[in-house]
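J.: okay, sequence plus prediction incoming.
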Amino acid sequence: MHDSLLPKYAGFSPLIWALINGEPEVGVTAHMMNDELDAGDIVRQEAVPVGPADTATDLFHKTVGLIAPVTIGALDLIASGRTEFTRQDRSGASFFHKRSIEDSRIDWSWPAEDLERLVRAQSEPYPSAFTFHRGARLEVLAAVVSTGRYGGTPGRIFYREGDGVVIVAGADARTGRNRGLAITRVRTEDGRELPATEYFTSMGGYLTNQP
């Protein structure tokens, strides 16, 4: 049993990687074992859609309910005497490594849409997405893609929009065509959790990848 729609997202942390990459659905796969990890023939597979506000925690709860029926259905097929199952199309296979703290670090050269999904993918109990402000680590707990388009340098603390504070994002942010990431909730290095509009008392300065 593997918690992805094989042959995509074999390996580790498939729900988190799939959410970061904007997949429209996730699921579970019952497959036969062979000499290669997560590469055996597919016995049964079921999917659920990824909602626009789903976190990795939400996707876990959506998919955990599939495990029992997929497992029982697969065992029933095997018990019926069936021996031929669906071969994986290895041309569409992808294999992902286990996530580490480095994978939660925010890179402001990413587009805001990707960063918003990263924040949702790093929901509790997973380690939160983080950045640095004035040398101190700052966890980003919630964020949305901005309504407006903001130009300049990636990481710039730029503008208050609604309930969030917009950070300029994207490698080509200088063009002024990009949405920003509107951070709405943060956690400081000393464990305080508060709205971003309270944390950022003034605009200006930068969020960075390193202290």
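T.: Everything's here; your move.
J.: list the helices and strands the longest strand along the chain packs on?
T.: Counting residues, the longest strand found in the chain (DSSP state E) is strand 136-149. Helices and strands touching strand 136-149, as assessed by 3 or more C-beta pairs under 8 Å, 6 or more residues apart in numbering; DSSP states H and E, comprise helix 112-121, strand 129-133, strand 157-161, strand 164-167, strand 179-187. Using the backbone N, CA and C atoms, a C-beta is placed for each residue, glycine as well.
J.: what lies in contact with the longest helix along the chain?
T.: The longest helix of the chain (DSSP state H) is helix 56-79. Helix 56-79 has contacts (C-beta atoms under 8 Å, 6 or more residues apart in numbering) with 1, 3, 15-16, 18-19, 26-30, 43-46, 48, 50-51, 54, 85, 120-126.
J.: now list the buried members of the residues you listed.
T.: 3, 15-16, 18-19, 26-30, 43-46, 50, 54, 85, 120-123, 126 (16 or more other C-beta atoms under 10 Å).
J.: in helices, which of these fall?
T.: Using DSSP H, these in helices are 15-16, 18-19, 120-121.
J.: quick revisit: got a markdown table for the helices and strands packed on strand 136-149, with mean pLDDT and distance to residue 95 too?
T.: Shown next, in a markdown table, are the helices and strands packed on strand 136-149 (pLDDT from 0 to 100; distance: least, C-beta to C-beta, whole Å):
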| stretch | mean pLDDT | distance to residue 95 |
| --- | --- | --- |
| helix 112-121 | 98 | 18 |
| strand 129-133 | 98 | 23 |
| strand 157-161 | 98 | 37 |
| strand 164-167 | 98 | 32 |
| strand 179-187 | 98 | 29 |
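J.: tell me which residue of the chain is furthest from the middle?
T.: residue 81 (39.5 Å; C-alpha atoms, centre = their mean).
J.: please determine how far the nearest residue to residue 94 once chain neighbours are set aside is located from residue 56.
T.: Spatial nearest neighbour of residue 94, excluding adjacent residues (C-beta to C-beta, 6 or more residues apart in numbering): residue 8 at 5.2 Å. The gap separating residue 8 from residue 56 is 16 Å, by C-beta to C-beta, to the nearest Å.
J.: same thing with residue 47?
T.: Residue 47 is 16 Å from residue 56, by C-beta to C-beta.
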